[in-house]
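Trainee: next comes the sequence, and after it the predicted model I'd like to discuss.
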Amino acid sequence: MSFSSEPIVSVIDTSIFQENETILGNINFTINKGEFVYLVGKTGSGKSSLLKTLYADIPLRLGDITIAGFSIKNIKPKEVPYLRRKLGIIFQDFELFNDRTVAENLEFVMKATGWKDRSKIKKKTAEVLMQVGLGAISTKMPHQLSGGEQQRVVIARALLNEPSILLADEPTGNLDPEVSQGIFDLFKQINKSGTAILMATHDFKLLEANPNRVLTCSDGKLTDSTS
């Protein structure tokens, strides 16, 4: 796979904070278009805080981060929704609306990110559900789905705006091993189509079976398996 010279993520001399505590200090890394990178480390080592800084949920106070063409340091609140259209964000605990069908969950996100044409919304909803192997569940409520199916809906939601990178925070953390492998295979397919992936995980069996570059958060530092 050929990568263009412009990285999709560039993190330069950056420190990540939680309130007034430095969680990760002076970190530097880039992620190229189409790359698959794991983010590992113990609970509390800074993985989630780093991801939240990348999608502008935690303010960047020290350093420079560029992601999908946006400078996080200088980003204005009104620009954050535009940034998140370029990113797919996948949470461990699904964060689906339990009082809406699968299709309504996806439509809510599309309307919030500027989609207006009803027929295009319907077409895109069907398309992403097919992409994650859930062609027949658009009218079901989240509570009618298994954990693995709910996670596939979350991935479908993340793909709606054709992101250049997926940021996944422990996407298999609540799933049993067989279901986890199916979700991971889905990430591999998405990655093969050209979408970069940064995936925080504790699942070292998955890493061993599917080796990729690894960023490790430990003792306030971030190390890169490729350097």
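Mentor: Now that the structure is in, tell me what you want to look at. Numbers count the residues shown, from 1 in each chain.
Trainee: now do residue 139, the pLDDT please.
Mentor: pLDDT, residue 139: 94.
Trainee: give the burial count for it, as a bare number.
Mentor: Around residue 139 there are 10 other residues, counting by other C-beta atoms under 10 Å. C-beta: built from backbone N, CA, C; applies to glycine.
Trainee: can you list contacts of the helix or strand harbouring residue 11?
Mentor: Using DSSP states H and E, the element containing residue 11 is strand 9-18. Applying C-beta atoms under 8 Å, 6 or more residues apart in numbering, the contact partners of strand 9-18 are 22-31, 46, 49-50, 53-54, 58, 60-68, 165, 196, 198.
Trainee: drop anything exposed from these.
Mentor: 23-25, 27, 29, 31, 46, 49-50, 53-54, 58, 60, 63, 65-68, 165, 196, 198 (16 or more other C-beta atoms under 10 Å).
Trainee: for the chain, which element, helix or strand, carries the lowest mean pLDDT?
Mentor: Ranked by mean pLDDT, DSSP states H and E, the weakest helix or strand in the chain is helix 204-209, scoring a mean of 87.
Trainee: would you mark the buried spots in the next helix or strand after that helix?
Mentor: Using DSSP H and E, the helix or strand that directly follows helix 204-209 along the chain is strand 213-218. Going by neighbour count (16+ other C-beta under 10 Å), the buried part of strand 213-218 is 213, 215-217.
Trainee: neighbouring strands of strand 213-218 in the sheet, and parallel or not?
Mentor: Applying DSSP bridges, strand 213-218 is found paired with strand 36-40 (parallel), strand 221-224 (antiparallel).
Trainee: of those, which is nearest residue 176?
Mentor: strand 36-40 (20.2 Å; C-beta to C-beta).
Trainee: after the closest one, which helix or strand is next?
Mentor: helix 47-54.
Trainee: just the residues contacting that next one, thanks.
Mentor: Applying C-beta under 8 Å, 6+ apart, the set of residues contacting helix 47-54 is 9, 14, 16-18, 23-24, 27, 39-41, 58-60, 65, 67, 72, 87, 167, 169, 198, 200, 217, 222.
Trainee: please redo it, this time with the cut-off set to 7 Å
Mentor: Residues outside helix 47-54 that contact it (C-beta atoms under 7 Å, 6 or more residues apart in numbering): 9, 16, 18, 23-24, 39, 41, 58, 60, 65, 67, 72, 167, 169, 200, 217.
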